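> Here you go, sequence then predicted model.
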Amino acid sequence: MALFPSSALNAGVRKREVFGWAMYDFANSGYTTVVITAVFAAYFVGGIAKGAPWAAFAWTAALSASYAVVMLSMPAIGAWADRRAAKKRVLAVATLGCVLATAALAFTPRFSGAMGVAVAMALIIVSNTFYSYGESLTGAFLPELATAEGMGKVSGWGWSFGYVGGMLALGLCLAYVLSAQAKGLPASHFVPVTMLITAAIYGAAACATFALLPERAQPRAAGSAVGAWQQLRATFGQARAYRDFMQLLVCTVCYQGGVAVAITLAAIYAEQVIGFVASETMVLIFVLNIAAAVGAFGFGYVQDRIGHKISLAGTLVAWIAVCVIAAMATTKGTFWWAAAIAGLAMGSSQSAGRAMTGFLAPPRQLAEFFGLWTFATRLAGIIGPLMFGAITWAAGGNQRIAILSTAALFIAGLLLLLPIDMARGRAAALRGA
């Protein structure tokens, strides 16, 4: 923490609290890296669904269903947590839900046929829903910890630490997978173990968060679930007062849709279009995580110097370049350049977006406004991959056209970012405090 300046923190906030907060990014990153990207996704398609033509669609449908649940429920949950000063309590429930559902994925090989598919899809919906709740709630702590001038540093530190956690989980899982494969064991044996490893790391690392991170908010009027929805409707009704925040949400839907394509489909593109083999894809994932960690950490300091808006704009330009290079790549070496830029852009754009959200959110409604941010990111998670799949289908399976078309999402995000006035948005947020 020596590289982390105390001047970036609000009065009374200790560095150990920031460490506890960052440990949640460390804890939950293994879930996305192992379950959603590297291990269980492939096992679901090839092992549980037996490579059926509808397998990839079923996987995407399960993720989309979880995102839809989060979109409809998280803003109200955030409003309730703000009223009760209960972000930490709700975060504990979300953590337990994701850890248990992830561990339960270890039992999916015991089911066969349609039942196995149904059980796996149900557990993915549950685990990814609780993961998304946790991601939103931990983000809502950011403005309580960091000053407006230091929010980029703190967000970047946490996000980069998260990629380290993802690499640790993936590394341990891959070590076990390689060992099991050397013994001739099938995927139905080693995939369940990786789910237990991921769940254990998530639960153990999150304990540091609950031990070190205090709930600084003060309860307001005790609201019911109905009251939470009423508060949510009131927030949308106040959209004019927070027009820069609302503009950021629309911008987020666009560019995060492109990021979602990178997260969920990069490995598929590398193997099917560029010709990577499985071991090369594993190395690719590791390098992407390393680059993302460096990008999130280093760019956080740059962001606080040059401003949130300019920083995010720079990452979107980098994403546009990634799409063009990846679409034109005909060799593995060229694709590695696209992957390296994507890694740097991924960490920095996600960190910058979270910090910008915290900067424009009213201090008394942090969980609620981060719930709106989660709504936007999960909507993007549906739109981006579905657009990629639809274009690929329409183009007769040509993924190059689809990845080039993804650049349109980043271009739209960049154009929507330009009208945002950070000073005006911050003033509106403070008036609502």
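Done, it's in. Fair warning: this is a prediction, and the values are worked out from it, not measured in the lab.
> Please, which helix or strand holds residue 424?
If you go by DSSP states H and E, residue 424 is part of helix 422-431.
> before we move on, what about residue 64?
Residue 64 belongs to helix 55-84, assigned by DSSP H and E.
> so residue 402 makes contact with residue 385?
No: using CB atoms under 8 Å, residue 402 is not in contact with residue 385; the gap is 10.2 Å. C-beta: built from backbone N, CA, C; applies to glycine.
> packing partners for the helix holding residue 424?
For helix 422-431, the packing partners by 3 or more CB pairs under 8 Å, 6 or more residues apart in numbering; DSSP states H and E come out as helix 243-269, helix 332-360.
> When residue 402 and residue 385 are compared, which one has more neighbours?
Between residue 402 and residue 385, residue 402 has the larger neighbour count (other CB atoms under 10 Å), namely 24 against 20.
> so where do the helices sit in the stretch 101-250 of the chain?
Using DSSP state H, counting those that start in this stretch, the helices of the stretch 101-250 of the chain run over 113-140, 142-145, 151-182, 187-212, 225-237, 243-269.
> Save these as CSV, and put in mean pLDDT, mean neighbour count and distance to residue 13 too.
Output for these, formatted as CSV (pLDDT from 0 to 100; neighbours: other CB atoms under 10 Å; distance: least, CB to CB, whole Å):
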stretch, mean pLDDT, mean neighbour count, distance to residue 13
helix 113-140, 92, 22, 15
helix 142-145, 83, 22, 5
helix 151-182, 84, 22, 9
helix 187-212, 94, 20, 11
helix 225-237, 61, 15, 26
helix 243-269, 86, 23, 24
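> For residue 70, which of the ones you listed is the nearest?
Closest to residue 70 of the helices of the stretch 101-250 of the chain is helix 113-140 (CB to CB; 4.3 Å).
> now the closest one against helix 187-212, angle please.
Angle, helix 113-140 to helix 187-212, by axes from the mean of the first three to the mean of the last three CA atoms, to 10 degrees: 20 degrees.
> Can you give the distance from helix 113-140 to the centre of its chain?
13 Å (CA atoms, centre = their mean, to the nearest Å).
> Check which helices and strands that helix is in contact with.
Using 3+ CB pairs under 8 Å, 6+ apart: helix 113-140 touches helix 15-30, helix 55-84, helix 87-104, helix 332-360, helix 366-394.
> what angle sits between that helix and helix 332-360?
In terms of direction (the same axes, to 10 degrees), helix 113-140 departs from helix 332-360 by 50 degrees.
> quick one: helix 113-140 to helix 15-30, angle?
160 degrees.
> Helix 113-140 vs helix 87-104, what angle?
Counting by the same axes, to 10 degrees, helix 113-140 lies at 150 degrees to helix 87-104.
> returning to that earlier point: in the helix holding residue 64, what's buried?
By neighbour count on 16 or more other CB atoms under 10 Å, the buried set for helix 55-84 is 55-56, 58-60, 62-71, 73-84.
> And that helix, what does it pack against?
Other helices and strands packing on helix 55-84, by 3+ CB pairs under 8 Å, 6+ apart, are helix 87-104, helix 113-140, helix 225-237, helix 366-394.
> what mean pLDDT does the last one have?
Right, helix 366-394. If you average the pLDDT over helix 366-394, you get 81.
> What's the first helix or strand after it?
Counting by DSSP H and E, the next helix or strand C-terminal to helix 366-394 is helix 399-417.
> Go through that next one and flag the buried ones.
For helix 399-417, by 16+ other CB under 10 Å, it's 399-400, 402-407, 409-414, 416-417.
> Looking at these, which is nearest residue 14?
residue 417 (34.1 Å).
> and the residue nearest to the closest one when sequence neighbours are not counted, what is it in contact with?
Nearest residue to residue 417, sequence neighbours excluded (CB to CB, 6 or more residues apart in numbering): residue 251, at 4.9 Å. Neighbour list for residue 251: 413, 416-417, 420 [criterion: CB atoms under 8 Å, 6 or more residues apart in numbering].
> Look up how far residue 259 lies from residue 251.
To residue 259, residue 251 is 12 Å away according to CB to CB, to the nearest Å.
> Please apply the same query to residue 38.
Counting by CB to CB, the gap from residue 38 to residue 259 is 17 Å.
> just residue 148 next, same as before
Note on residue 148: its distance to residue 259, by CB to CB, is 25 Å.
> Check residue 417 too.
With the distance defined as CB to CB, residue 417 ends up 14 Å from residue 259.
> and what of residue 407?
The value you get for residue 407 to residue 259, if CB to CB is used, is 13 Å.
> Which neighbours do the two have in common?
With CB under 8 Å, 6+ apart as the test, residue 407 and residue 259 both reach residue 319.
> residues in contact with the residue lying closest to residue 255 once chain neighbours are set aside?
Counting by CB to CB, 6+ apart, residue 413 is the residue found nearest to residue 255 once chain neighbours are left out, at 3.1 Å. Neighbour list for residue 413: 251-252, 254-255, 258, 316 [criterion: CB under 8 Å, 6+ apart].
> Throw these into a markdown table and include distance to residue 140, thanks.
Formatted as a markdown table, the contacts of residue 413 follow (distance: CB to CB, whole Å):
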| residue | distance to residue 140 |
| --- | --- |
| 251 | 20 |
| 252 | 16 |
| 254 | 23 |
| 255 | 21 |
| 258 | 25 |
| 316 | 24 |
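> tell me the contacts of the residue most central in space within the chain?
Taking CA atoms, centre = their mean, the centroid of the chain lies closest to residue 135, which sits 7.2 Å from it. Each residue near residue 135 by CB under 8 Å, 6+ apart is listed here: 28, 374.
> separation between it and residue 373?
Per CB to CB, residue 135 is found 10 Å from residue 373.
> Repeat that for residue 412.
According to CB to CB, residue 412 and residue 373 sit 18 Å apart.
> Also residue 425?
According to CB to CB, residue 425 stands 14 Å off from residue 373.
> Equivalent analysis for residue 192, please.
Residue 192 sits 34 Å away from residue 373, taking CB to CB as the criterion.
> again, but for residue 138
Going from residue 138 to residue 373 by CB to CB gives 12 Å.
> residue contacts, the nearest residue to residue 104 once chain neighbours are set aside?
Once flanking residues are discounted, residue 104 sits nearest to residue 123: 5.4 Å by CB to CB, 6+ apart. Contact analysis of residue 123 by CB under 8 Å, 6+ apart lists 101, 104-105, 108.
> Before I go, just wanted to say thanks for your time.
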